[in-house]
Each structure stands twice: as C-alpha cells, then as structure tokens.
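give me the fold of what follows.
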Amino acid sequence: MNKYFVLFVAAFLSNCVYGQTEIKKLSLLDAVKIGLKNNPEVKSARENISASKGRFWNGISLPQPEVSVNYEYVPVNSGFSSFGEKTIEVSQSFEFLTNYFLKGSKFTAEEEIAIQKLNMAERCVATQVKTSYYKILAKKYQINSTEENLKISEDFFKKAEIRQNVGEGTNLEKLTARVQFIEARNSLEVAQNGFKTALAEFNFALGFGNQNNYSNFDLADSLTFVDYEINFDKMSKSLEASNPEIKIAELNCDIASVDKTLAWSSLLPNFNVSYFRQTIGGNNGFYGASFGISVPLWFMLDQRGKIQEASANGSIFESELQLTKNVIFLKLKNAFTEYENSLTQVRLYNNEILPQAEEIYRTAIKSYDAGELTFLEFLQAKQMLINSQNSYISALYDYYQSAFLIEEITGQNIIDNSEGEK
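Purely as a prediction, here's the structure:
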C-alpha cells in the first residue's frame with residue numbers, strides 16, 4: 001500500500017513541476033487581452049460606470065415623503081388617548097417636473113463620460129502592453145547582438161595576444177582589443193539590465209503587480225518591419241468622433257448647458273402636496289388635503305448667483321473643449337511626424353545601410369584573415385555593423401511606438417488589423 005502511495009505522490013509532484021515550468025507562447029493580442037482583464041486602472045474605470053448609473057437613479061429620485069401623526073386638545077394630566085383631535089398626514093414635495101428630465105439628461109451624460117474614461121483607460125493600457133511587449137523584443141535582440149559582439153571581441157583579443165607573442169602584432173593592437181573586450185562585456189551587462197527593466201514594465205502593464213507571471217510566457221511575435229501606410233488626413237478627419245478626451249470635453253459642455261437651464265429653472269416654484277385623515281371628538285370621518293408652492297422671493301441673491309455661475313461654467317467648458325481639440329490634434333501631428341521619421345529611418349536601414357554594412361563586414365573578415373587588414377581596420381568594420389544593427393532596432397522600436405500612440409489617440413487598431421508583412 002505504501003509503495004502505491006509513494007508512486008502516486010511522485011506522479012503528482014511531477015505533474016505539478018511540469019505545470020509550473022511549462023512555457024506558453026504569448027502573442028501581442030493575447031497580452032493586450034490579459035492587460036485589459038487584469039489592469040487595476042481598467043477595473044476601476046469599469047466600476048465607475050456602475051457608480052454613475054447609481055448616481056442617475058439617486059439624482060432623479062423624489063425627496064422622501066413625510067408621514068406625521070398629530071394629537072391635539074389633549075387634557076392636562078391625560079394620555080394621548082384622550083385627544084380631542086388626531087391628524088394623520090402624508091406629504092410629498094417635488095420640484096418642477098421639467099427639472100427631473102434635465103437632471104436625467106445630466107446624469108446620462110455623466111454615465112457616458114464614465115464610459116469614455118473606460119475607453120481611455122483601455123487604450124492607455126493597450127498602448128503600455130504593446131510598447132513594453134515590443135521593448136522586450138528589442139532588448140532581446142540587443143542582448144543577442146551584444147553577446148555576439150562579446151564573442152568576437154574575446155576572440156580577437158586572444159588573437160591579438162597571440163599575434164603579439166609571435167611578433168606579428170603590436171602592443172597597441174592588443175590594448176585596443178582588450179578595451180573593446182571590456183566594453184563589449186559591459187554593454188552586455190547594460191543590455192541585460194535593460195531587458196529586466198522591460199520585463200518589469202511588461203509585468204506592470206499586464207496588471208500582475210509583484211507577481212512575475214511573465215516568466216512563464218515566451219513572446220510569440222517578432223520585431224519585424226511592416227509598412228502600415230498610415231494616412232494622416234484620414235486619421236485627423238475622424239479624430240473628433242473617435243477620441244475619448246474630445247468626447248468627454250463635449251459631454252462636459254452638454255452638462256454645463258443643462259446646469260445653466262437648471263439654474264434658470266430654479267426660478268420656478270417647488271411643490272408640496274399633503275393628504276390627511278382626521279379624527280375629531282371620536283368621529284374619524286374627516287379628511288383633507290393641502291397644496292403649496294415655494295416662492296423664489298430671494299431670486300436676486302440665490303437664483304441670480306446660480307445663473308451667473310452656470311453661465312460662466314458654460315463658457316469655461318467651451319474654451320476647454322477647443323483647447324482639448326487643439327492639444328489632441330497636436331499630439332496626433334507629433335506622433336505622425338515621429339512615425340514618418342522612424343519609417344524613413346527603417347526603410348533606409350533596410351534598403352541601404354544594413355546590406356552595405358554586412359557586405360563591408362564580410363569583406364573585412366576575409367581581408368583580416370588574409371592579413372590584408374589591421375585589427376583596427378577590422379574593428380571599424382565590425383563596429384559599423386553592430387551600430388547599424390542596433391540603430392535599426394531602435395528605429396524599428398520607435399516606429400512601432402509611434403504607431404501605438406497613433407492607435408491610442410485615434411482609437412483605431414492599426415497594428416491588430418494588419419494582414420501580414422509587406
């Protein structure tokens with residue numbers, strides 16, 4: 001029996017260990033879904049919509065009715081049962097009916113603002129996830145590049161030592177090779193630290209906090225160039241209809257307009273309706289009703305102040321709306337300029353710089369092995385290739401980062417809707 005129990009425990013632990021170490025492929029879209037599901041900012045924005053719905057029902061609700069019981073003409077030293085007159089009254093006060101429709105439209109606009117804020121939060125988180133995802137890919141490439149550079153530097157440092165020992169190389173060549181080897185080792189350490197930072201940013205964007213859940217994932221996408229042919233004119237035309245910040249500013253203007261109408265409506269009377277039953281002298285067959293209205297006697301103070309404040313707020317929100325439109329348009333213009341600059345750089349590296357740098361390096365290797373080039377000349381060719389590759393990755397990362405920012409501003413999923421590499 002103990003033998004079977006031990007086998008069962010061993011099998012169970014093996015499954016647990018396998019389940020913990022299993023590496024799953026994580027695509028960019030899957031990462032965005034995880035971020036939108038787990039990120040606390042998005043969760044908070046969702047709950048804010050629920051809260052705004054609650055404020056709607058609370059805002060259009062009538063005041064609580066009042067129920068009162070009055071005992072009158074009770075003889076001294078007697079209980080309430082010796083009353084001469086008893087009145088049971090129910091009263092309800094309410095504003096002018098149009099006010100409730102106006103308040104309803106105001107709270108509906110506030111609910112729409114909460115929805116737009118959720119849209120903003122989701123766009124922001126999606127941009128964070130996509131940017132950190134591609135940053136990890138860029139840092140991985142840089143690590144591979146620096147590792148390759150370290151191997152080359154170490155190899156040529158050893159060769160420089162051998163060349164000096166046999167009298168074919170100079171001490172300057174050896175010292176230069178040693179410095180390059182130390183710099184390559186330091187560059188690798190810097191790249192590894194940058195990779196750790198990128199992982200931490202990715203973990204934060206996914207909403208995992210202190211948990212290192214990204215360690216069980218292997219990024220499925222690659223950092224390759226795709227020309228998405230973003231059209232600025234087309235994007236800018238749909239900007240006002242798609243950008244949540246502009247929509248929020250427009251809704252605030254609508255709310256200010258409603259508040260102004262409500263301020264003028266404060267000149268209208270409030271109402272109070274009451275119904276009561278009376279018992280007089282043992283006869284409970286009496287009833288009555290009352291109807292009252294408020295008189296805005298102090299309108300020069302109270303209502304006048306409300307109207308003046310509401311009018312000023314309306315002008316303020318109109319100015320803020322125009323400012324928001326200008327700011328968002330400027331953000332889009334800057335993002336598109338950065339996109340075009342990065343696109344130009346990426347194309348230049350793809351079509352000219354990288355092919356030429358690779359050809360120079362291949363030629364330099366052959367010439368150096370044949371003794372036709374000095375180490376310093378070979379080193380120059382090697383550095384040119386590595387710098388070109390790293391600059392290309394940086395330009396490619398900037399290209400995608402600007403595209404993600406354009407997505408966030410315009411609300412269009414440019415990268416997600418692509419059908420493949422061009």
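
quick check: closest non-adjacent residue to residue 228.
Of all residues not flanking residue 228 in the chain, residue 414 sits nearest, at 5.3 Å (CB to CB, 6 or more residues apart in numbering). Just so you know, the C-beta spots here come from the backbone N, C-alpha and C atoms, and that holds for glycine as well.

ok, that neighbour - contacts?
Contact partners of residue 414, counting by CB atoms under 8 Å, 6 or more residues apart in numbering, are 228, 230, 403, 406, 407.

wasn't the second one part of a helix?
No. With DSSP: H, G, I helix; E, B strand; the rest coil as the criterion, residue 230 is coil rather than part of a helix.

who touches it in this structure?
Residue 230 sits next to 336, 339, 403, 406, 414 when contact means CB under 8 Å, 6+ apart.

take the residues you listed and lay them out in CSV including pLDDT.
Converted to CSV, the contacts of residue 230 look like this (pLDDT from 0 to 100):
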residue, pLDDT
336, 92
339, 92
403, 90
406, 90
414, 76
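
could you check how far the residue nearest the centre of the chain is from residue 401?
In the chain, the centroid-proximal residue (CA atoms, centre = their mean) is residue 124; its distance is 2.1 Å. From residue 124 across to residue 401, the span is 14 Å (CB to CB, to the nearest Å).

please, which helix or strand holds the residue nearest to the centre of the chain?
Applying DSSP states H and E as the criterion places residue 124 in helix 97-165.

let me know the next secondary structure element after that helix.
Going down the chain from helix 97-165, the next helix or strand is helix 171-205, by DSSP H and E.

report the angle between the axes of that next one and helix 97-165?
Orientation check (axes from the mean of the first three to the mean of the last three CA atoms, to 10 degrees): helix 171-205 against helix 97-165 gives 160 degrees.

ok, residue 51 to residue 396 distance?
43 Å.

those two: who's more crowded?
Taking neighbours as other CB atoms under 10 Å, residue 51 and residue 396 compare with residue 396 leading, 23 against 11.

now do that one, the pLDDT please.
Reported pLDDT at residue 396 in the predicted model: 92.

surely it touches residue 226?
No. If you go by CB atoms under 8 Å, residue 396 and residue 226 don't touch, sitting 10.0 Å apart.

residues near residue 248, how many?
Neighbourhood size, residue 248 [other CB under 10 Å]: 22.

residue 119 and residue 244 touch, don't they?
Yes. Between residue 119 and residue 244 there is a contact under CB under 8 Å: 4.5 Å.

and for those two, which residues touch both?
Common neighbours of residue 119 and residue 244 (CB under 8 Å, 6+ apart) are residue 411.

ok, which stretches of the stretch 251-400 of the chain are helices?
In the stretch 251-400 of the chain, the helices defined using DSSP state H, counting those that start in this stretch lie at 302-348, 354-369, 375-410.

what's the burial count for the spatially closest residue to residue 252 that is not a sequence neighbour?
Distance criterion CB to CB, 6+ apart; nearest residue to residue 252, sequence neighbours excluded, is residue 317 at 4.8 Å. Using other CB under 10 Å as the criterion, residue 317 is surrounded by 21 other residues.

quick one: contacts for residue 317?
Contact analysis of residue 317 by CB under 8 Å, 6+ apart lists 249, 252, 253, 255, 256.

next SSE downstream of the lowest-mean-pLDDT helix or strand in the chain?
The helix or strand of the chain with the poorest confidence is helix 2-21; it has a mean of 41 (mean pLDDT, DSSP states H and E). Once helix 2-21 ends, the next helix or strand along the chain (criterion: DSSP H and E) is strand 24-26.

ok and whichever helix or strand comes after that next one relative to helix 171-205, angle-wise?
Using DSSP H and E, the helix or strand that follows strand 24-26 in sequence is helix 28-38. Interaxial angle of helix 28-38 relative to helix 171-205 (the same axes, to 10 degrees): 50 degrees.

what does helix 28-38 rub up against?
By CB under 8 Å, 6+ apart, helix 28-38 touches 42, 122, 125-126, 128-130, 133, 202, 205-208, 220-221, 415-416.

rerun at 6 Å
Residues from elsewhere that reach helix 28-38 (CB atoms under 6 Å, 6 or more residues apart in numbering): 42, 122, 125, 126, 129, 133, 205, 206, 207, 221.

repeat for stretch 337-351
Among residues not part of stretch 337-351, those counted as contacts by CB under 6 Å, 6+ apart are 225, 392, 395, 396, 398, 399, 402, 403.

report the buried residues of it.
By 16 or more other CB atoms under 10 Å, the buried positions in stretch 337-351 come out as 338, 339, 342, 343, 345, 346, 349.

apart from its chain neighbours, what residue comes closest to the third one?
Same thing as residue 342. residue 399 (3.7 Å).

that older thread, of residue 119 and residue 244, who's got more company?
Neighbour count, other CB under 10 Å: between residue 119 and residue 244, residue 244 has more, with 21 against 18.

didn't that one look like it was pressed against residue 116?
Yes. Judged on CB atoms under 6 Å, residue 244 makes contact with residue 116 at a distance of 4.1 Å.

which one of the contacts of residue 414 sits closest to residue 73?
Using CB to CB, residue 407 is the member of these that lies nearest residue 73, at 78.5 Å.

what about that closest one, how many neighbours?
The local packing of residue 407 (other CB under 10 Å) involves 23 other residues.

do residue 241 as well
The burial count for residue 241: 10, using other CB under 10 Å.

quick one on the thing from earlier: between the contacts of residue 414, which sits nearest residue 55?
Scanning the contacts of residue 414 for proximity to residue 55, where the rule is CB to CB, the winner is residue 407, at 31.7 Å.
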